[in-house]
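*Asks:* Sequence plus predicted model, see below.
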Amino acid sequence: METKETFDVIVIGAGHAGIEATHAAAKIGKRVLLTTVDIKSIGHLPCNPSIGAVGKSHLVYEIDALGGLMGIIADRACIQMRLLNKKNGPAVQAIRAQVDRHEYQKIAHGILSKTKNLTIRVGEVVSVTSSGTKDKKVTGVTFADGTTVLANSVVVASGVYLNSVIRIGSEAKKSGPSGFASATQLTDSLVKLGVDIQRFSTCTPARVCANSIDYTKTTPHPADTEDCFSQITTEPIRNLVPCYLTYTNEETHKIIRDSLKKSGNPKDDDMASPRYCPSIEDKVLRYASALRHQIFLEPEGLDTTDVYVQGIFTFLSSSVQDKFIRTIPGLENSKITNYGYGIEYDCIDSTQLLPTLEHKKVRGLFFAGQINGTSGYEEAAAQGLVAGINSTGVAKKGFVLSRMESYIGVLIDDLVTLGTKEPYRMFTSRAENRLFLRKDNADSRLTPLGREVGLVCDKRWKLFNKKMSLLEKYKSGDQSVPDDIKEIVAIESMYAGYLTREKNRMNNIRLHEQTTIPTDLNYDNIKGLRCEAQTKLATVRPYNLLQAQKISGVTPADINILLVHLRTICD
């Protein structure tokens, strides 16, 4: 079919990565096309209808500080907010919003529909087109109906839809999450462009009808905070429903063990699955001495009776799920509305990407979200925001966040430097500088950067400047400031000693981070560099010295030799 349209940026996929990438590029002023296999998949929450938690909430604060959407949507769709890690210091405390699944989607779709420069199209993208042979450059995409659309940049944010297969016991069918169609042709196009593909899997638990649960046998977990994610949220957080806690027991575990003995584990053991959201069958086998495992009963929304059974992620057959779920206190007479399932899907080796999330060998081709091997909505959204900004070319040297200044920087640096052999999840422990990377200073760290690229709106910028003025006012001795301002200064004082002690180490890391390495550097010509280091460095093509020192097989001695060489060629 004839080419009809040209856009600056095309985003493939309307999940959390796609939403942020699309919104960022459009707000910066580029003409953007968002493609999705189904309009109902925009902002879909295929697993847990929640946003935040330890590590993840820090990503949401940073997305918000940069001018992104996730915090705004989560605050508006929230039906319960809880504070986690209460016993720990404020640097690692987190909030977690239970959200209304359908309302979250509705809000996300509504915001995108009203965003200038943005077009939404339903259809399956089957290939990314490019020009050149050795030095490839993206030219656009082709849809399943043969339509070709041109663009300067393409962001692949396809989530878990590439060649996805749903498994429930021995049953397998080609499908995306929640019955959405699988994308069956795009992988082949990416392989032809030189993209390396790997295969991951994850799973989700059953949903049960709220009316069939005996809540008297469970422990209520009500909301306990009115904190919010977004700096520009003005409406109070809605705390409307509790969640409930119950446990598995030895009878539950016996049914699962007997099923595995009889039919084997339906999951392909050679396929990477989440370590941090393991299936109930993996937990029963791995922690054989455990007498019970926590189960949270979490409402999916205000207009549905579906309850998400957090903690029983499973690949097991529906008949086995029927048996073991009804051994759990409170669920003895439960009616299962949707069975848990496993999903297998294609993703890429993220070490092929630059810190901008652009592919090293295909200019204009960006990747964001679970396609990069991550798990979770928050990790996906953070990558989508960075990929969306970089797809516009607004930052001449690329919009790259340091791991010293953000959890987003930690996330992306880990992905492009180390890669991942299992779905990657963010934890506060992954950040060397976590006492500094707090929710209370996310805006002071990142909002000026968001403003610089054109993503932070006037309203947010005005609020930011007001907050900074109040902080300065209080630090100079004026007590007539809001309590939240006083709390921020108190937190800074609490960590001041630790941060001073860490300063020299951070400066050394920052120096290595700022020492960039030419992308065309010939490592074979560097005298004294070991053969293994030459091979590893040439393969990964590290962006800077910090990235180089994390590569397996590259020693501190190699780094010193490389540093001397870089100083020589710079002089």
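*Replies:* Structure's in. What do you need?
*Asks:* hang on, isn't Tyr104 packed against Leu45?
*Replies:* Yes - Tyr104 lies in contact with Leu45 (Cβ atoms under 8 Å); the separation is 6.1 Å. No exception for glycine: its C-beta is placed from N, CA and C like everyone else's.
*Asks:* Tell me which helix or strand the most centrally placed residue in the chain sits in.
*Replies:* The C-alpha lying nearest the average C-alpha coordinate of the chain belongs to Glu379 (Cα atoms, centre = their mean; 1.3 Å). Assigned by DSSP states H and E, Glu379 falls within helix 377-391.
*Asks:* Name the next helix or strand downstream of that helix, please.
*Replies:* Moving toward the C-terminus from helix 377-391, the next helix or strand (DSSP H and E) is helix 407-418.
*Asks:* relative to helix 377-391, how tilted is that next one?
*Replies:* Here the directions of helix 407-418 and helix 377-391 differ by 80 degrees (axes from the mean of the first three to the mean of the last three Cα atoms, to 10 degrees).
*Asks:* Phi first, then psi, for the nearest residue to Pro177 once chain neighbours are set aside.
*Replies:* Leaving aside its chain neighbours, Pro177 sits nearest to Pro46 (3.5 Å; criterion: Cβ to Cβ, 6 or more residues apart in numbering). The phi and psi values for Pro46, taken as degrees, to the nearest 10, are phi -70, psi -20.
*Asks:* so Pro46 sits right up against Gly179, yeah?
*Replies:* No - with contact defined as Cβ under 8 Å, Pro46 does not count as touching Gly179 (9.9 Å).
*Asks:* These two: which has the busier surroundings?
*Replies:* Remark: of Pro46 and Gly179, Pro46 carries more neighbours, 19 against 12, as counted by other Cβ atoms under 10 Å.
*Asks:* give me every residue that touches that one.
*Replies:* 160, 177-178, 204 (Cβ atoms under 8 Å, 6 or more residues apart in numbering).
*Asks:* How confident was the prediction at it?
*Replies:* For Pro46, the model assigns a pLDDT of 92.
*Asks:* Tell me how far it lies from Ile343.
*Replies:* Counting by Cβ to Cβ, to the nearest Å, the gap from Pro46 to Ile343 is 8 Å.
*Asks:* What of Val410?
*Replies:* In terms of Cβ to Cβ, Val410 sits 27 Å off from Ile343.
*Asks:* pull the CA atoms of stretch 206-220 into CSV?
*Replies:* The C-alpha trace of stretch 206-220 is given here as CSV (Å, rounded to 0.1, in the frame of the first residue of the first chain):
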residue,chain,number,x,y,z
ALA,A,206,-5.8,-16.3,39.8
ARG,A,207,-8.5,-13.8,40.5
VAL,A,208,-11.4,-14.7,42.7
CYS,A,209,-14.9,-13.2,43.3
ALA,A,210,-15.0,-11.0,46.4
ASN,A,211,-18.5,-12.3,47.3
SER,A,212,-17.1,-15.8,47.7
ILE,A,213,-14.4,-14.9,50.2
ASP,A,214,-14.8,-15.4,54.0
TYR,A,215,-12.9,-12.3,55.2
THR,A,216,-13.4,-13.3,58.8
LYS,A,217,-10.6,-15.8,58.4
THR,A,218,-8.2,-13.1,57.1
THR,A,219,-6.4,-10.1,58.6
PRO,A,220,-7.5,-6.6,57.2
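*Asks:* Find out how far it is from the centre of the chain, if you would.
*Replies:* Centroid separation between stretch 206-220 and its chain, computed with Cα atoms, centre = their mean, to the nearest Å, is 30 Å.
*Asks:* Let's verify Pro518: helix, strand, or coil?
*Replies:* What DSSP: H, G, I helix; E, B strand; the rest coil gives for Pro518 is coil.
*Asks:* same deal with Val138?
*Replies:* strand.
*Asks:* Tell me what it is bridged to.
*Replies:* Ser130 (DSSP bridges).
*Asks:* For the remainder of this discussion, apply numbering that starts at 2.
*Replies:* Sure thing, new numbering starts at 2, so read that last one as Val139.
*Asks:* For it, which residues are in contact?
*Replies:* Listed by Cβ under 8 Å, 6+ apart, the contact partners of Val139 are 129-131, 152-155, 363-366.
*Asks:* One more: Asp444?
*Replies:* With Cβ under 8 Å, 6+ apart, Asp444 has these contacts: 66, 232, 465, 468.
*Asks:* State the mean pLDDT of stretch 492-505.
*Replies:* 85.
*Asks:* Likewise for stretch 57-69?
*Replies:* 98.
*Asks:* Also stretch 172-187?
*Replies:* Mean pLDDT, computed over stretch 172-187, is 92.
*Asks:* What of stretch 559-569?
*Replies:* Stretch 559-569 shows a mean pLDDT of 88.
*Asks:* Common neighbours of Pro47 and Gly180, please.
*Replies:* Common neighbours of Pro47 and Gly180 (Cβ under 8 Å, 6+ apart) do not exist.
*Asks:* where exactly do the strands run in the stretch 352-501 of the chain?
*Replies:* Under the criterion DSSP state E, counting those that start in this stretch, the stretch 352-501 of the chain carries strands at the ranges 363-364, 366-368.
*Asks:* I'd like the ones you listed as a markdown table, with mean neighbour count and mean pLDDT appended.
*Replies:* Converted to a markdown table, the strands of the stretch 352-501 of the chain look like this (neighbours: other Cβ atoms under 10 Å; pLDDT from 0 to 100):
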| stretch | mean neighbour count | mean pLDDT |
| --- | --- | --- |
| strand 363-364 | 18 | 96 |
| strand 366-368 | 27 | 98 |
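*Asks:* picking that back up, turn the contacts of Val139 into TSV, including distance to Ala224.
*Replies:* Formatted as TSV, the contacts of Val139 follow (distance: Cβ to Cβ, whole Å):
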residue	distance to Ala224
Val129	44
Thr130	49
Ser131	50
Ala152	44
Asn153	46
Ser154	42
Val155	41
Val363	46
Arg364	48
Gly365	45
Leu366	43
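*Asks:* what about stretch 469-482, start to end distance?
*Replies:* Using Cα to Cα, to the nearest Å, one end of stretch 469-482 lies 12 Å from the other.
*Asks:* again with stretch 403-412
*Replies:* End-to-end distance for stretch 403-412, by Cα to Cα: 10 Å.
*Asks:* likewise stretch 386-399?
*Replies:* 13 Å.
*Asks:* rewinding a little: would you quantify the distance from the residue nearest to Pro178 to Asn391?
*Replies:* With distances taken as Cβ to Cβ, Pro47 is found 27 Å from Asn391.
*Asks:* Same question for Ala207.
*Replies:* In terms of Cβ to Cβ, Ala207 sits 39 Å off from Asn391.
*Asks:* Ok, Glu488 next?
*Replies:* From Glu488 to Asn391 the distance is 35 Å (Cβ to Cβ).
*Asks:* Equivalent analysis for Lys28, please.
*Replies:* From Lys28 to Asn391 the distance is 14 Å (Cβ to Cβ).
*Asks:* Likewise for Gln199?
*Replies:* Distance of Gln199 to Asn391, given as Cβ to Cβ: 23 Å.
*Asks:* These two: who's more crowded?
*Replies:* Higher neighbour count among Gln199 and Asn391: Asn391, with 26 against 15, using other Cβ under 10 Å.
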